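Peer 1: pasting the sequence and the predicted model now:
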Amino acid sequence: MINIKYNAEKRELWQKFQQLEAHMEVFAFSSSSSSLERNYSHSRYLAAARDIKPGEVIFKEAPLIIGPRLESAPVCLSCFHVIATPHTCSNCHLAELCSPACETNPNHAGKECELLANAIISLEDFQYLTSNYDWVLPFRIMINIKYNAEKRELWQKFQQLEAHMEERRNTWIWESHKNSVIQGLQNVGLISKDEEEEELAQKVCGILDVNSFEIRSPDQELLRGIYLEASMMSHDCIGNTHLAVDKDYVMTVRASLPIAKGEKILFNYTGPLQGTECRRDILRKGKYFECKCVRCDDPTELGTYMSAIRCPKCRKGYIINDKDQWACQDCKKKFSTKMIQTVLDVGQGYVEDANKFEQHALELLLNRMSTTFHTNHFLMLDLKQRLLSIYRDMILLGSNMSSRILQRDIELCHEVLPVIETVEPGLSRLRGITLYTLHLPVVLLANKEIQCGNMDHNQFLSKLEEAEALLKEALALLFYEPAKTPEGMLAIEAKEALKCLRETIMDVKDQVVTSHMRSIQ
Ligand SMILES: C[S@@+](CC[C@H](N)C(=O)[O-])C[C@H]1O[C@@H](n2cnc3c(N)ncnc32)[C@H](O)[C@@H]1O
């Protein structure tokens with residue numbers, strides 16, 4: 001300690017010493033379903049301690065800490081509801097809350113409130129602290145975990161999370177945290193201008209950036225939270241887990257696919273419907289590694305062609321990226337990354353502008369973009385998802401939709417389902433939502449057809465049974481969603497819809513039997 005740690009000249013050696021393995025926590029997370037392992041590069045990961053079936057709970061975990069994201073809308077620092085009418089805490093005169101009742105909420109009351117109350121700050125610092133949220137989570141980690149003797153063990157576990165300090169040092173993110181978070185912590189008197197304290201604060205920021213999970217507040221605003229065990233899951237662009245966070249922010253990690261004993265427990269750190277370049281970029285810039293999973297290694301993205309562009313030369317083939325070279329699969333013409341990026345940027349621009357488009361304009365755009373992009377291209381999937389959500393809302397609001405639009409709704413569902421099944425196989429929230437969405441036009445169209453006399457009772461019955469099978473499958477997938485989340489509420493709706501549909505099916509079956517009896521009398 002005296003020669004290395006407290007010797008400013010040996011800062012680098014102290015850092016190297018600290019990075020040596022101490023085996024502090026090797027068995028700390030071991031449970032009956034998962035164990036903590038290390039790979040050849042000493043990076044830690046979770047592995048199955050036994051064979052795990054889809055739907056089985058691997059572990060449940062409460063967050064170590066939660067707080068607003070770096071660029072959050074104004075949320076109450078106590079209850080995380082979006083602030084409608086701001087209320088400044090009457091004790092610290094700094095924290096923005098949503099009501100006086102939130103002053104006593106333990107998320108803010110106590111040490112945090114006291115420290116902020118005693119901070120001597122300038123008007124400029126005050127303005128910064130009240131209009132930014134980036135300092136809140138590092139601040140909470142420091143006061144609640146680091147400076148809390150009862151949480152020494154948790155602080156040690158937190159400190160052992162990957163921070164990628166060397167990759168981040170002196171980069172834009174390092175400078176940005178220095179000018180915002182670190183200054184914020186200094187302003188409220190939590191850390192001094194000492195180099196070692198700044199280094200520690202940078203480490204806290206790095207750990208938060210690399211390991212936080214995005215979670216949703218009661219009104220769906222995104223927050224970030226640290227889950228010590230869950231953060232040990234490695235990434236794969238095809239995960240084998242299903243994560244759900246309930247209203248108390250407790251996370252349940254279930255197997256989404258069968259996981260054999262010894263296999264890694266994996267979670268997709270990015271979105272399932274993002275293209276390879278985009279996923280790799282997020283992982284490179286935010287998690288500091290190159291993904292080498294089977295999906296990233298396959299230029300066709302497991303046959304989905306989610307990043308493929310139509311070849312402007314032969315107009316038959318698709319341009320895909322094989323080992324950093326974009327080329328048409330058919331005519332073999334090569335294209336520069338710059339040109340592909342330009343095409344993507346233009347497409348991205350159209351999709352962003354389409355944010356407020358209504359259904360007709362979105363359909364036109366989708367049609368226009370289909371001359372450039374593969375039907376499963378991630379930009380096309382984005383538009384298709386938006387259309388599906390518009391059609392779902394129209395049906396649920398009781399709009400009178402034509403048979404043509406209902407057919408189109410069914411067609412879109414059938415276009416996106418195979419992609420979802422490939423990139424998020426097994427227990428998939430997205431598939432559950434899409435199956436629920438699909439059953440609606442199937443029922444409505446069948447009702448229209450029988451009313452117009454285009455369908456007999458047997459055909460009607462078989463369509464209703466098709467919708468019943470879709471709903472049953474949707475329910476089996478949405479069953480794991482915590483109540484009070486949008487997906488949990490959809491699961492309740494799906495359960496009700498299934499009950500009604502089964503009653504209708506019974507009635508129709510009675511009618512079929514009655515008409516059959518009549519016909520033979
Ligand atoms: C949330 S942490 C996971 C736990 C971490 N391995 C540890 O030892 O603390 C994320 C970090 O793990 C590593 N990692 C996760 N998945 C990876 C993968 N598929 N390939 C390479 N590194 C990975 C990266 O360093 C990444 O920044």
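Peer 2: Good, I have the coordinates.
Peer 1: do a quick rundown of the helices in the stretch 151-300 of the chain.
Peer 2: For the stretch 151-300 of the chain, applying DSSP state H, counting those that start in this stretch gives helices covering 152-159, 165-168, 172-177, 183-187, 195-211, 276-282, 294-297.
Peer 1: reformat these as a markdown table; add mean neighbour count, distance to residue 335 and mean pLDDT.
Peer 2: Where you see a C-beta, it was placed from the backbone N, CA and C, and this is true even at glycine. Formatted as a markdown table, the helices of the stretch 151-300 of the chain follow (neighbours: other Cβ atoms under 10 Å; distance: least, Cβ to Cβ, whole Å; pLDDT from 0 to 100):
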| stretch | mean neighbour count | distance to residue 335 | mean pLDDT |
| --- | --- | --- | --- |
| helix 152-159 | 16 | 46 | 96 |
| helix 165-168 | 15 | 31 | 97 |
| helix 172-177 | 16 | 30 | 95 |
| helix 183-187 | 20 | 45 | 88 |
| helix 195-211 | 20 | 34 | 96 |
| helix 276-282 | 18 | 14 | 95 |
| helix 294-297 | 15 | 20 | 96 |
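Peer 1: which one, of the ones you listed, ends up nearest to the ligand?
Peer 2: Closest to the ligand of those, according to Cβ to the nearest ligand atom: helix 195-211, at 4.5 Å.
Peer 1: export the helices of the stretch 151-300 of the chain as a markdown table, with columns for distance to the ligand.
Peer 2: Output for those, formatted as a markdown table (distance: least, Cβ to the nearest ligand atom, whole Å):
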| stretch | distance to the ligand |
| --- | --- |
| helix 152-159 | 10 |
| helix 165-168 | 9 |
| helix 172-177 | 13 |
| helix 183-187 | 23 |
| helix 195-211 | 5 |
| helix 276-282 | 11 |
| helix 294-297 | 9 |
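Peer 1: and these as TSV, adding distance to residue 96?
Peer 2: Shown next, in TSV, are the helices of the stretch 151-300 of the chain (distance: least, Cβ to Cβ, whole Å):
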stretch	distance to residue 96
helix 152-159	26
helix 165-168	29
helix 172-177	22
helix 183-187	14
helix 195-211	21
helix 276-282	30
helix 294-297	42
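Peer 1: and the stretch 101-250 of the chain, which residues reach the ligand?
Peer 2: 161, 162, 164, 210, 211, 231, 232, 234, 235, 236 (Cβ under 6 Å from any ligand atom).
Peer 1: next step: those restricted to strands.
Peer 2: Judged by DSSP state E, these include 234, 235 as members of strands.
Peer 1: quick one: buried ones out of the residues of the stretch 101-250 of the chain next to the ligand?
Peer 2: 161, 164, 210, 211, 231, 232, 234, 235, 236 (16 or more other Cβ atoms under 10 Å).
Peer 1: and the first one, what does it touch?
Peer 2: When contacts are counted by Cβ atoms under 8 Å, 6 or more residues apart in numbering, residue 161 touches 207, 210, 211, 226, 228, 231.
Peer 1: now for these, which pair is the farthest apart?
Peer 2: Maximum pairwise distance in the contacts of residue 161, criterion Cβ to Cβ, is 13.2 Å, between 210 and 228.
Peer 1: burial measure for residue 414, as a count.
Peer 2: If you count neighbours by other Cβ atoms under 10 Å, residue 414 ends up with 11.
Peer 1: assign it to helix, strand or coil.
Peer 2: helix (DSSP: H, G, I helix; E, B strand; the rest coil).
Peer 1: number of residues surrounding the nearest residue to it once chain neighbours are set aside?
Peer 2: Closest residue to residue 414 in three dimensions, ignoring its sequence neighbours and counting by Cβ to Cβ, 6 or more residues apart in numbering: residue 438, at 7.7 Å. Using other Cβ under 10 Å, residue 438 is surrounded by 24 other residues.
Peer 1: residue 438 - that's part of a helix, no?
Peer 2: Yes - assessed with three-state DSSP, residue 438 lies in a helix.
Peer 1: for the stretch 201-350 of the chain, just list every one of the strands.
Peer 2: According to DSSP state E, counting those that start in this stretch, the stretch 201-350 of the chain carries its strands in the segments 213-216, 222-226, 234-235, 241-245, 251-255, 266-267, 309-310, 318-322, 325-328, 334-335.
Peer 1: quick one: which of the residues of the stretch 101-250 of the chain next to the ligand is nearest to residue 54?
Peer 2: residue 236 (16.0 Å).
Peer 1: quick one, what contacts the closest one?
Peer 2: 264, 266, 267, 268, 291, 293.
Peer 1: mind running it again at 6 Å?
Peer 2: 266, 293 (Cβ atoms under 6 Å, 6 or more residues apart in numbering).
Peer 1: show the pLDDT at it.
Peer 2: Note on residue 236: pLDDT of 97.
Peer 1: can you tell me how far it is from residue 339?
Peer 2: 31 Å (Cβ to Cβ, to the nearest Å).
Peer 1: then residue 426?
Peer 2: For residue 426, the distance to residue 339 - Cβ to Cβ - is 37 Å.
Peer 1: who has more neighbours out of the two?
Peer 2: Neighbour tally, residue 426 and residue 339, criterion other Cβ under 10 Å: the higher count belongs to residue 426, 19 against 14.
Peer 1: would you agree that one is in contact with residue 258?
Peer 2: No - with contact defined as Cβ atoms under 6 Å, residue 426 and residue 258 do not form a contacting pair (8.2 Å).
Peer 1: any stretches of the stretch 1-150 of the chain with poor pLDDT?
Peer 2: Residue ranges of the stretch 1-150 of the chain with pLDDT under 70: 19, 21-31, 40-42.
Peer 1: 90 - rerun?
Peer 2: Scanning the stretch 1-150 of the chain for pLDDT under 90 picks out 1-43, 69-74, 82-84, 86, 119-134.
Peer 1: how much space is there between the residue of it found nearest the ligand and residue 160?
Peer 2: In the stretch 1-150 of the chain, no residue comes nearer to the ligand than residue 44, which is 3.3 Å away by Cβ to the nearest ligand atom. In this view, residue 44 and residue 160 are 8 Å apart by Cβ to Cβ.
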